[in-house]
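S.K.: predicted model and sequence follow; I will ask about them next.
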Amino acid sequence: MAVVTVVRDDLPGLLATRASLRAQTVAAYDWFVVDGASTDGTADWLSRHGQEAAWWRSAPDSGLYDAMNVALDAIAERSPSGGPPCSHVLFLNAGDRLADGRVLERLLPILAASPDAGLFYGDALEERPGGGLVVKTARSHRRALLGMFTHHQAMVYRLAALPCVRFDLRHALAADYAFTLMVLKHGLPARRLPLSVCIFATGGRSQRDPARGRREQAIIRRELLGLGRTANATIWGLQWLAITLRQTIPWLYAKYRFSSNERSFLS
């Protein structure tokens with residue numbers, strides 16, 4: 001399996017992701033690192049420790065999703081470590097970590113048992129203000145109309161389903177949503193994983209500018225799903241309500257969203 005980490009000027013985050021991978025009970029992964037020409041020491045660290053990655057690059061890019069496309073192209077062009085080509089890919093950005101040391105041990109047999117599936121997805125852990133982790137339960141992929149049904153870092157894609165799928169750089173915040181919808185539109189099965197996959201590093205761009213993310217999602221729903229203005233406006237309103245609730249009454253949001261079953265459309 002390929003694990004893709006994109007980074008720019010975040011050496012502590014990169015080291016946290018690396019430590020999470022090194023803590024796994026099985027090392028059956030190839031690490032692809034794309035650094036956007038960092039100036040904080042990240043590029044220097046990679047030049048000294050590049051042997052830990054199957055492939056890495058430090059060069060200017062056009063942002064997060066452009067770097068992910070660079071990684072997908074690199075995976076497609078080579079068989080890392082002299083072994084067979086990678087079959088699946090997980091995007092674990094700098095600062096994100098796997099949920100515990102046994103994630104890959106439990107995940108890999110599930111991937112092997114469902115060779116027809118194009119997408120696997122599980123729960124995510126989120127760090128709460130003041131410390132502590134909570135489970136953000138994945139919704140069903142059948143509710144993708146409402147937005148991302150789990151964190152992108154909790155999704156594993158089969159590479160055979162991605163030969164012509166890349167991140168749309170028109171979308172600065174929601175390209176992962178468009179990417180996932182395109183995979184689902186291929187008609188390959190999607191499988192729910194019975195585990196938490198990642199610890200999501202909060203404070204990213206989508207959380208800092210949720211309004212832009214909602215606007216981009218509306219464009220994506222119109223273009224990929226053919227959703228009309230009224231339906232899009234309704235979903236936009238529900239998303240706005242969810243964000244407002246999280247910001248103004250966080251305990252109430254947590255009560256409904258951080259739950260052990262799918263009871264809410266909130267995201």
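M.R.: In hand now; what should we look at?
S.K.: could I get the pLDDT score of Gly130?
M.R.: With respect to pLDDT, Gly130 has a value of 71.
S.K.: burial count for it?
M.R.: If you count neighbours by other C-beta atoms under 10 Å, Gly130 ends up with 5. Heads up, the C-betas are built off the backbone N, CA and C, glycines and all.
S.K.: likewise for His151?
M.R.: Based on other C-beta under 10 Å, the number of other residues close to His151 is 23.
S.K.: which residues are in contact with it?
M.R.: Residues in contact with His151 (C-beta atoms under 8 Å, 6 or more residues apart in numbering) are Ala124, Lys136, Cys198, Phe200.
S.K.: kindly reformat those residues as CSV containing secondary structure and neighbour count.
M.R.: Converted to CSV, the contacts of His151 look like this (DSSP: H, G, I helix; E, B strand; the rest coil; neighbours: other C-beta atoms under 10 Å):
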residue, secondary structure, neighbour count
Ala124, strand, 24
Lys136, strand, 20
Cys198, strand, 26
Phe200, strand, 24
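S.K.: show me the beta-bridge partners of Ser196.
M.R.: Beta-bridge partners recorded for Ser196 (DSSP bridges): Asp123.
S.K.: does it really touch Asp123, like I thought?
M.R.: Yes: in this structure, Ser196 sits in contact with Asp123. The criterion is C-beta atoms under 8 Å, and the distance is 4.3 Å.
S.K.: for the two, list the residues in contact with both.
M.R.: With contacts taken as C-beta under 8 Å, 6+ apart, Ser196 and Asp123 have Val135, Ala154 as neighbours in common.
S.K.: skipping its backbone neighbours, what lies nearest the residue nearest in space to the middle of the chain in space?
M.R.: Nearest to the mean C-alpha position of the chain, by C-alpha atoms, centre = their mean, lies His152 at 2.2 Å. Spatial nearest neighbour of His152, excluding adjacent residues (C-beta to C-beta, 6 or more residues apart in numbering): Asp176 at 4.3 Å.
S.K.: what's the burial count for the one you found?
M.R.: 21.
S.K.: which pLDDT value goes with it?
M.R.: Reported pLDDT at Asp176 in the predicted model: 97.
S.K.: would you mind pulling up the elements that the helix or strand hosting it packs against?
M.R.: In this structure, Asp176 sits in helix 175-185 according to DSSP states H and E. Under the contact criterion of 3 or more C-beta pairs under 8 Å, 6 or more residues apart in numbering; DSSP states H and E, helix 175-185 touches strand 119-127, helix 210-225.
S.K.: can I get the first one in PDB? Just the C-alpha atoms.
M.R.: Translated: strand 119-127. These are the backbone C-alpha positions of strand 119-127, laid out as PDB (Å, rounded to 0.1, in the frame of the first residue of the first chain):
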ATOM      1  CA  LEU A 119     -12.900   2.700  -1.900                       C
ATOM      2  CA  PHE A 120     -12.600   1.800   1.800                       C
ATOM      3  CA  TYR A 121     -13.400   4.200   4.600                       C
ATOM      4  CA  GLY A 122     -13.500   4.100   8.400                       C
ATOM      5  CA  ASP A 123     -13.900   6.400  11.400                       C
ATOM      6  CA  ALA A 124     -11.500   9.100  12.400                       C
ATOM      7  CA  LEU A 125     -10.300  10.300  15.700                       C
ATOM      8  CA  GLU A 126     -10.300  14.100  16.400                       C
ATOM      9  CA  GLU A 127      -8.300  15.900  19.000                       C
END
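S.K.: please, where are all the strands along this structure?
M.R.: Taking DSSP state E as the criterion, the chain carries its strands at 2-7, 30-35, 55-58, 88-91, 97-98, 119-127, 133-136, 155-158, 190-200.
S.K.: how about the residue in this structure that sits furthest from its center?
M.R.: Computed with C-alpha atoms, centre = their mean, the residue of the chain farthest from its C-alpha average is Thr230, at 29.0 Å.
S.K.: for Pro210, see how far away that residue is.
M.R.: According to C-beta to C-beta, to the nearest Å, Thr230 stands 22 Å off from Pro210.
S.K.: before we move on, the earlier item: touching, the residue nearest to His152 and Leu64? I think so.
M.R.: No: taking C-beta under 8 Å as the contact criterion, Asp176 and Leu64 are not neighbours in contact, 9.0 Å apart.
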